[in-house]
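>>> Take this sequence and fold it.
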Amino acid sequence: ISVTLEENSSAWKTITVSTDPENTTVKIYDAAKNPVKPESDGSYKLLADGEYTYTATTTETGYEDAAGDVDLTAETFHIALAQVAGIEITTPATKLSYYPGDTLKTDGLVLTVHYKNAADAPIKAKDFETKGVTAKPTLLSEAGTVDVTLSYKGATATYQVTVEERPDVFAGIRKYATISFGSNDKFTGAEDEEFVFDDDNDALQSNSAGQQSSQVWVTITWNADAPEAKLDLQYKLSTKKATSSTDYYIYDYLQIGNGKRLNGTLDWTTYTQTMTPGSSLTLKYVRSSASYGDFGSDCFWVKDFTAAPLYTLTLTTNVDTATIVLTDEAGNTITGANGVYSVTPGTYHYKATAFGYVSAEGNITVANSNVEETITLTEADTSDVTFSLGLPEGLSAEQAEITIQSGTQTVKTLKNGELTTKLPAG
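Here you go, the predicted model:
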């Protein structure tokens, strides 16, 4: 049996597609995403009540691809590709400073596209890849000011980033000290990579996370010809907090010199130590042998090593019993022994006191050499003081002893019947 079906011409519609630019490739798809073949004359025969979509692309520079629904109400369906007139950076990238070897990051950047035949539209950095926006160079290999070029559909825009050499955390002590790194045989990282530079913290970071029983350390050795100096550094720690004394053998810890084992989460903290020629200081990070010691970043950071040479400030007085108090510019008391103080360059305030003398005070500046200063105290005005004793029967004044104190200090003792002496006002 042969059946002939007649076409219902009213169910179909022929559409001609025109484009701008003319050199545009158009593809039409039905609702099932199947491509529709054009007729021999280039037109399309489509179901009048159907749903169709299109894509349009061109090899001509400066045009965006287009996609959308086919308008079945028109005899001629015109597709005009958006033509890019230029691009402009309207929101800068978040990161504008880099170190050599860093990869460019465009996060936060917003690019506004200006069109010849459409309204302006933004493209955010997160959409650059899908939209076809490129940014070059991607690798920032050398220090200096670098022009970054954004390209989109033949249009370009540029912005500048700064590439600076990574800071040397030891710069402040290199002329005085030798720095060395080490590890035990449980460290599985690359040779000479016990520590790495952490760009986010601008600090040196221990590099043994997750390596059980490993130890890594950095040692600062003061040169034999270096002056005695006050060494300052900053450290930060992220590891598990020990809750008992036995935990120190289970969890990771940082040890600075012969100090106590540090663990838990510590924000930037200052450590200070006096360094003498030939002395050394080691900062060691010890990993537990237990996997449950893993916590946080499992490391410590260190930065901002500075050294202030120490000089000898010697203060003497003409009174052997005088007391001297020395303070720095911040008002902190400086301790010393027998009037000898180890101080960094700066201005210091002294005050010398002694019973029977007028106190003396003043400022003294230490530059780049040892300083000796003699403080002269002058005797205070005195008055005669006579004591009258009421003694028990049978006890004479010659047998009595009178002790005179100023505060808790004994300043004079009268014996053998002596009852009169000279004392300052007070």
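
>>> Backbone dihedrals for Ala360, both of them.
For Ala360, the backbone dihedrals (degrees, to the nearest 10) come out as phi -130, psi 140.

>>> okay, it: pLDDT?
For Ala360, the pLDDT comes out at 96.

>>> For stretch 59-77, list every residue counted as buried.
Gly62, Tyr63, Glu64, Ala66, Val70, Phe77 (16 or more other Cβ atoms under 10 Å). Any C-beta I mention is one placed from the backbone N, CA and C, and that applies to glycine too.

>>> er, stretch 351-359 I mean
For stretch 351-359, the neighbour count (16+ other Cβ under 10 Å) marks Ala352, Thr353, Ala354, Phe355, Gly356, Tyr357 as buried.

>>> Show me how far the strand or helix carrying Thr149 is from its chain's centre.
Using DSSP states H and E, Thr149 maps to strand 144-152. Its chain's C-alpha centre and that of strand 144-152 lie 26 Å apart, by Cα atoms, centre = their mean, to the nearest Å.

>>> continuing past it, what's the next helix or strand?
Next along from strand 144-152, by DSSP H and E: strand 155-163.

>>> Parallel or antiparallel, which strands does that following strand pair with?
Neighbouring strands of strand 155-163 in its sheet, by DSSP bridges, are strand 97-98 (parallel), strand 144-152 (antiparallel).

>>> which residues touch the longest one?
Meaning strand 144-152. With contact meaning Cβ atoms under 8 Å, 6 or more residues apart in numbering, strand 144-152 is reached by 84, 87, 89, 104, 111, 113, 123, 131-137, 140, 156-163.

>>> Show the buried residues in those residues.
For the contacts of strand 144-152, a neighbour count by 16+ other Cβ under 10 Å gives the buried set as 84, 87, 89, 104, 111, 113, 123, 133, 135, 140, 157, 159, 161, 163.

>>> so which two of the residues you listed are the farthest from each other?
Val84 and Val163 (29.9 Å; Cβ to Cβ).

>>> give me every residue that touches Ser180.
Counting by Cβ under 8 Å, 6+ apart, Ser180 touches Val218, Thr219, Thr221.

>>> Go ahead and list the helix or strand containing it.
strand 177-183.

>>> again with Thr16
strand 12-20.

>>> tell me which residues of that strand are tucked away?
The neighbour-count check on strand 12-20 (16+ other Cβ under 10 Å) flags Lys13, Ile15, Val17, Thr19 as buried.

>>> Tyr303 falls within a strand, correct?
Careful, residue 303 is Lys and not Tyr. Yes - the assignment for Lys303 (DSSP: H, G, I helix; E, B strand; the rest coil) places it in a strand.

>>> Now do the contacts for it.
Applying Cβ under 8 Å, 6+ apart, we find Lys303 in contact with Pro167, Val169, Asn201, Asp202, Ala203, Leu204, Leu233, Gln234.

>>> The residue nearest to it when sequence neighbours are not counted and Val169: what is the separation?
Once flanking residues are discounted, Lys303 sits nearest to Ala203: 3.8 Å by Cβ to Cβ, 6 or more residues apart in numbering. As judged by Cβ to Cβ, to the nearest Å, Ala203 and Val169 stand 6 Å apart.

>>> before we move on, back to that, among the strands paired with strand 155-163, which gets the worst mean confidence?
strand 97-98 (a mean of 93).

>>> pLDDT at Val302, what is it?
For Val302, the pLDDT comes out at 98.

>>> what do you get for the one 5 residues further on?
What the model reports as pLDDT for Ala307 is 96.

>>> can you check Lys95 too?
Note for Lys95: predicted pLDDT of 95.

>>> Also Pro277?
For Pro277, pLDDT reads 96.

>>> Am I right that it is in contact with Asn223?
Yes - checked against Cβ atoms under 8 Å, the pair Pro277 and Asn223 is within contact range at 6.9 Å.

>>> so where do the strands sit in the stretch 151-300 of the chain?
155-163, 177-183, 195-198, 203-206, 215-222, 229-238, 253-256, 265-275, 280-286, 299-309 (DSSP state E, counting those that start in this stretch).

>>> Please identify the most buried of these.
When those are scored by mean count of other Cβ atoms under 10 Å, the highest mean neighbour count falls to strand 203-206 (a mean of 24).

>>> Tell me the strands beside that strand, with direction?
Strand 203-206 pairs in its sheet with strand 195-198 (antiparallel), strand 299-309 (antiparallel), by DSSP bridges.

>>> now for those, which one comes closest to Asn416?
Counting by Cβ to Cβ, Asn416 lies closest to strand 299-309 out of those; the figure is 55.4 Å.

>>> and that closest one with strand 280-286, angle?
For strand 299-309 against strand 280-286, the angle by axes from the mean of the first three to the mean of the last three Cα atoms, to 10 degrees is 170 degrees.

>>> circling back: who touches both of Ala203 and Val169?
By Cβ under 8 Å, 6+ apart, the residues touching both Ala203 and Val169 are Val302, Lys303.

>>> quick one, helices of the stretch 251-400 of the chain?
Remark: helices of the stretch 251-400 of the chain are absent; assignment by DSSP state H, counting those that start in this stretch.

>>> quick one: low-confidence parts of it?
For the stretch 251-400 of the chain, applying pLDDT under 70 flags the ranges 291-295.

>>> Mind doing that once more with 80?
Judged by pLDDT under 80, the stretch 251-400 of the chain has its weakly predicted residues at 251, 289-296, 394, 397.

>>> The stretch 1-150 of the chain too?
Along the stretch 1-150 of the chain, the parts satisfying pLDDT under 80 run over 4-5, 7.

>>> Relative to Lys415, how far out is Gln399?
As judged by Cβ to Cβ, Gln399 and Lys415 stand 9 Å apart.

>>> Let me see the ranges of the helices in the stretch 51-200 of the chain.
Ranges of helices within the stretch 51-200 of the chain are 128-131, based on DSSP H, counting those that start in this stretch.
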